[in-house]
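S.K.: can't give you the sequence, but here's the structure:
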């Protein structure tokens, strides 16, 4: 059974979004997604400062057998990327909600958060 | 949709936590714990693959040898005595590759082929069609669907097999690469698809699950299709349907070495077209590509030269677990230089051209890790 972290936002594409102490929002993929992909060997991340639109493909994570697009959960600006993934993309597998985060962003329009799922709603998707 | 076929080891795969996938109509393990771990187990210890989906076809009778001399682009007469194996392509009349296979010479008038699962039905139709030119009383083509096939691979494969079959110690130790031995229970060949020492063991479906379980209990790592692909690609072995198919001849996909031109009067299927192509010359070659940065190469990625001309395509690609770099096999124009670019999404990334053999017997080949 895959782990679903409480009190953070989710998308139907198996991304998560969580606010940091500095006000920015980190984006990653869920435990379910990392398990489906298998060990990641490469993560192509967006440029810092890039403007991204909600639902836009902004990153790619790849295992040996599959590549998966990562979509921006909301619109905003990329404020940081997880450079640790350059050498250790498997951090996404070992700690997908923590050290395996992909990038951080600011949010242009808070109302877009309403489009996202909470943990309970995401769990229902996985049960389907 | 028909339901995917299950091998006798299906229950063992599920019990071991395999993630299953459908391949050529079969439900097979993609991975157990992880591709990397399985890959390294085969390079450094021993792993095993359930390849029972591959089709075993016995060719028997007084005209079996003559039939195979006609059917295959390689020449079974290269095998000097029963108990040896040969790798060959099977061509159509236009020299396109219908399949690649291994032929084992088991005894006089008795050969065994192992062909790909995805092409098995087509192969059988073709063989039966070609057999029309032979005396049916002297040539039998029989599918051995009641047999399972387990590949035990890695530097500790021999030790593991000796532990499982202590009574066959002498036979196993004496088995040279590409040799085959059998009794009424086992047919054991020193062949494989990983670039490591190892065995392919054919045994009855009823005996296979216990055999598999015993090896697993001995510490052999069960491996899925994911690791099978990274291992064969590192070893520079072609995969049917990706690196070759009916649209190319052996000369166009790096398999010219498997074509037996001598004796000149051996009229194998496709020879006429292939000979003409050989005389005209072939304008493509197969090369290995390595990227010196993190990424993953994939089949279908386009290859460009330094002047941005499209010069070829990746036929296979992966991230090499042994080298920790992206590697691939590409079909490129014959005269292209050694510095090329691979288009990955919207970027063109520099690639180094190397011989399409990256790792053999656990060793990274010269020039692969860094430029000479």
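M.R.: Now that the structure is in, tell me what you want to look at. Keep in mind that this is a model prediction, so the values were computed, not measured.

S.K.: and the helices in the stretch 251-372 of chain B, which stretches?
M.R.: B:271-280 (DSSP state H, counting those that start in this stretch).

S.K.: which residues of it lie near chain A?
M.R.: B:294-296, B:298, B:318-319, B:321, B:326, B:345 (CB under 8 Å from any CB of the partner chain). For the C-beta atoms, the positions are set from N, CA and C on the backbone; glycine is no exception.

S.K.: for these, work out which two are farthest apart.
M.R.: Across these, no pair lies farther apart than B:321 and B:345, at 22.7 Å, counting by CB to CB.

S.K.: more crowded one of the two?
M.R.: residue B:321 (23 against 12; other CB atoms under 10 Å in any protein chain shown).

S.K.: model confidence for the more buried one, exactly?
M.R.: On the pLDDT scale, residue B:321 is placed at 97.

S.K.: so who does the residue positioned nearest the centre of chain A touch?
M.R.: By CA atoms, centre = their mean, chain A has its centre lying nearest to residue A:28, at 2.2 Å. Residues near residue A:28 by CB atoms under 8 Å, 6 or more residues apart in numbering or on different chains: A:15-16, A:18, A:92, A:96-97, A:100-102.

S.K.: go on, residue B:140?
M.R.: With CB under 8 Å, 6+ apart, residue B:140 has these contacts: B:58-61, B:64.

S.K.: any idea which of these is closest to residue B:285?
M.R.: Taking those together and measuring to residue B:285 by CB to CB, the closest member is residue B:59, at 33.2 Å.

S.K.: measure that closest one to chain A for me?
M.R.: Per CB to the nearest CB, to the nearest Å, residue B:59 is found 35 Å from chain A.

S.K.: packing partners for whichever strand or helix holds residue B:124?
M.R.: Element membership for residue B:124 (DSSP states H and E) is helix B:120-130. When contacts are defined as 3 or more CB pairs under 8 Å, 6 or more residues apart in numbering or on different chains; DSSP states H and E, helix B:120-130 packs onto strand B:55-60, helix B:64-71, strand B:97-107, strand B:140-143.

S.K.: of all the ones you listed, which lies closest to residue B:79?
M.R.: strand B:97-107 (4.9 Å).

S.K.: what pairs with that closest one, parallel or antiparallel?
M.R.: Using DSSP bridges, the strands paired with strand B:97-107 in its sheet are strand B:84-91 (antiparallel), strand B:110-115 (antiparallel).

S.K.: now it: average pLDDT?
M.R.: 98.

S.K.: tell me the contacts of the residue of chain A found nearest chain B?
M.R.: The minimum distance from chain A to chain B, using CB to the nearest CB, falls at residue A:41 (4.0 Å). With contact set as CB under 8 Å, 6+ apart, residue A:41 has these partners: A:62-64, A:89-90, B:294, B:296, B:319.

S.K.: which parts of chain A sit against chain B?
M.R.: By CB under 8 Å from any CB, the part of chain A that sits against chain B consists of A:38-39, A:41-42, A:44, A:60, A:62-65, A:67, A:86-87, A:89.

S.K.: strands - which of these land there?
M.R.: Of the positions in the residues of chain A next to chain B, A:41-42, A:44, A:60, A:62-63, A:67 sit in strands, assigned by DSSP state E.

S.K.: out of these, which is most surrounded?
M.R.: Counting neighbours by other CB under 10 Å, residue A:63 comes out on top of those with 26 neighbours.

S.K.: in chain A, where is pLDDT below threshold?
M.R.: A:1 (pLDDT under 70).

S.K.: would you map the strands across it?
M.R.: Secondary structure of chain A (DSSP E): strands at A:9-10, A:15-19, A:25-29, A:40-44, A:51-52, A:57-63, A:67-71, A:76-81, A:103-107.

S.K.: mind checking the ones you listed for the one nearest to residue B:366?
M.R.: Across these, residue B:366 has its closest neighbour in strand A:40-44 (24.1 Å, CB to CB).

S.K.: columns mean neighbour count, distance to residue B:276 and mean pLDDT on top of the strands paired with strand B:97-107, output as JSON lines?
M.R.: Output for the strands paired with strand B:97-107, formatted as JSON lines (neighbours: other CB atoms under 10 Å in any protein chain shown; distance: least, CB to CB, whole Å; pLDDT from 0 to 100):
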{"stretch": "strand B:84-91", "mean neighbour count": "22", "distance to residue B:276": "13", "mean pLDDT": "98"}
{"stretch": "strand B:110-115", "mean neighbour count": "22", "distance to residue B:276": "27", "mean pLDDT": "98"}
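
S.K.: does stretch B:184-202 come close to chain A?
M.R.: No: judged by CB under 8 Å from any CB, stretch B:184-202 and chain A are separated, with a smallest distance of 15.0 Å.

S.K.: next up, phi/psi of the closest residue to residue B:34 other than its chain neighbours, please.
M.R.: With CB to CB, 6 or more residues apart in numbering or on different chains as the criterion, residue B:34 has its nearest non-adjacent residue at 5.0 Å, and that residue is residue A:39. Reported as degrees, to the nearest 10, the phi and psi values for residue A:39 are phi -60, psi 120.

S.K.: do you know how far residue A:39 is from residue B:19?
M.R.: Noted for residue A:39: a distance of 12 Å to residue B:19, by CB to CB, to the nearest Å.

S.K.: which of the two has more residues huddled nearby?
M.R.: residue A:39 (22 against 16).

S.K.: looks like the more buried one contacts residue B:39 (just checking).
M.R.: No: taking CB atoms under 8 Å as the definition, residue A:39 is not a contact partner of residue B:39, at 10.2 Å.

S.K.: contacts only, for whatever residue of the stretch 251-372 of chain B ends up closest to chain A.
M.R.: Nearest to chain A in the stretch 251-372 of chain B, going by CB to the nearest CB, is residue B:319, at a distance of 4.0 Å. Each residue near residue B:319 by CB under 8 Å, 6+ apart is listed here: A:41-42, A:62, A:64, B:230, B:295-297, B:325-327.

S.K.: ok, which pair from those is furthest apart?
M.R.: Maximum distance among those (CB to CB): 15.0 Å, for B:230 and B:295.

S.K.: and these two? which has more neighbours close in?
M.R.: Higher neighbour count among residue B:230 and residue B:295: residue B:230, with 26 against 22, using other CB under 10 Å.

S.K.: could I get the average pLDDT for the host helix or strand of the more buried one?
M.R.: Here residue B:230, judged by DSSP H and E, is contained in helix B:225-234. Across helix B:225-234, the average pLDDT comes to 98.

S.K.: next: stretch B:13-26.
M.R.: Confidence for stretch B:13-26, expressed as mean pLDDT, is 95.

S.K.: pull out the buried residues from that stretch.
M.R.: Along stretch B:13-26, these residues count as buried under the neighbour rule (16 or more other CB atoms under 10 Å in any protein chain shown): B:13, B:16, B:18-21, B:24, B:26.

S.K.: is residue A:78 in contact with residue A:108, as I believe?
M.R.: No: at 11.8 Å, residue A:78 and residue A:108 do not qualify as touching, with contact defined as CB under 8 Å.

S.K.: of those two, which one has the most company?
M.R.: Neighbours were counted for residue A:78 and for residue A:108 using other CB under 10 Å; residue A:78 has more, 23 against 15.
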